[in-house]
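Undergrad: Here's my sequence, what's the structure:
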Amino acid sequence: MDTIQQFDQIVYSSSGCYGECPILDFSLERNGQFLFQGEGYTESLGFFKGKLTSNQTNFIFNKFRKADILNIDKDYSVGHTDDQSITTTYIINGKIVKTIHDYGMAGPSELVWAYIPISNAYNQSNLDSIPEDDPYYPKLSYFTFHKDSLILSLEKSESFYLWTELKNSTKVDTTFDSKYELEFRFNYTYWGPDPNENRQHKLKIKSIETDGRLFKFYFENDETITYDLGYNFIDRNFEENNFRKPKDWEL
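TA: Residues are numbered from 1 along each chain as shown. Predicted coordinates for the structure are as follows:
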């Protein structure tokens, strides 16, 4: 069975390196709609939306089909430092079915070949700029859920997927019992000055609380925004044992 054809969405993220590797996020749906963030060393910087043609979309999905995504490993790594991390997340029916972390493009050749068209796809369509803080998304950082003394640290592509879901959610005015704090983990595979220093947040973030479905953003000017996903992001995509004790460098 050609399971890759069932994928509804692929999220590709690259985290930079010691140098000028592109730092970007690209979420592509089966209908060709995409969301893109150029974070550093890309031709376009900022947040954008666009749409690929059916031929362009099918070409990208077929490239990943040839990599046999569901039957390969989740982690690949080269033996040297200072290289780029690439993560790809695959979604079926609104659920993450797999995320692959590839440090230094050590994965199978078919997987590495699939990176090329998706990482350049934002140049194949007209880009429509979208607000940078709707919802708020940190520069050079990933989302991490905290529950008591445990953490659930998302990969870069998983963080951007959560952002795309928040982007498509409903803003509500409701109260809820918070179960998690949502914080930020810095992109430790990138060193150097901020490659997108002109991007400025309109509001400074104070904290984020969530029960997995409702996400309440607190800002330093006392403004708050609550987003309703309509489902529990953690319960749908992760297991209880995905939470772990943080490592020393994560404290």
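Undergrad: rest of the way, CA atoms for contacts and neighbours
TA: OK.
Undergrad: For the residue nearest the centre of the chain, give me the pLDDT.
TA: Centroid-nearest residue in the chain, with C-alpha atoms, centre = their mean: residue 160, separated by 2.3 Å. According to the prediction, residue 160 has pLDDT 97.
Undergrad: Which secondary structure state is assigned to the nearest residue to it once chain neighbours are set aside?
TA: With C-alpha to C-alpha, 6 or more residues apart in numbering as the criterion, residue 160 has its nearest non-adjacent residue at 6.8 Å, and that residue is residue 25. Following DSSP: H, G, I helix; E, B strand; the rest coil, residue 25 is assigned to strand.
Undergrad: hang on, isn't residue 25 packed against residue 40?
TA: No. Look at residue 25 against residue 40 with C-alpha atoms under 8 Å: they stay out of range, at 10.4 Å.
Undergrad: Between those two, which has more neighbouring residues?
TA: For residue 25 versus residue 40, the count of surrounding residues by other C-alpha atoms under 10 Å is larger for residue 25: 27 against 22.
Undergrad: wait, what's in contact with the more buried one?
TA: Residues in contact with residue 25 (C-alpha atoms under 8 Å, 6 or more residues apart in numbering) are 11, 12, 13, 14, 36, 37, 38, 39, 157, 160.
Undergrad: Start from the N-terminal end of the protein and give the helices.
TA: 54-66, 109-119, 156-167, 233-237 (DSSP state H).
Undergrad: Contacts for the third one, please.
TA: Among residues not part of helix 156-167, those counted as contacts by C-alpha under 8 Å, 6+ apart are 11-15, 25, 27, 35, 87-89, 99, 134-135, 137, 141-143, 227-229, 233.
Undergrad: Just the CA trace of that helix, in PDB.
TA: Written as PDB, here are the backbone C-alpha positions of helix 156-167 (Å, rounded to 0.1, in the frame of the first residue of the first chain):
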ATOM      1  CA  LYS A 156      11.400  22.600  14.800                       C
ATOM      2  CA  SER A 157       8.900  21.200  12.300                       C
ATOM      3  CA  GLU A 158       6.500  20.100  15.000                       C
ATOM      4  CA  SER A 159       6.700  23.600  16.500                       C
ATOM      5  CA  PHE A 160       5.900  25.100  13.100                       C
ATOM      6  CA  TYR A 161       3.000  22.600  12.700                       C
ATOM      7  CA  LEU A 162       1.600  23.800  16.000                       C
ATOM      8  CA  TRP A 163       1.900  27.400  14.800                       C
ATOM      9  CA  THR A 164       0.000  26.500  11.600                       C
ATOM     10  CA  GLU A 165      -2.800  25.000  13.700                       C
ATOM     11  CA  LEU A 166      -2.900  28.000  16.000                       C
ATOM     12  CA  LYS A 167      -3.000  30.200  12.800                       C
END
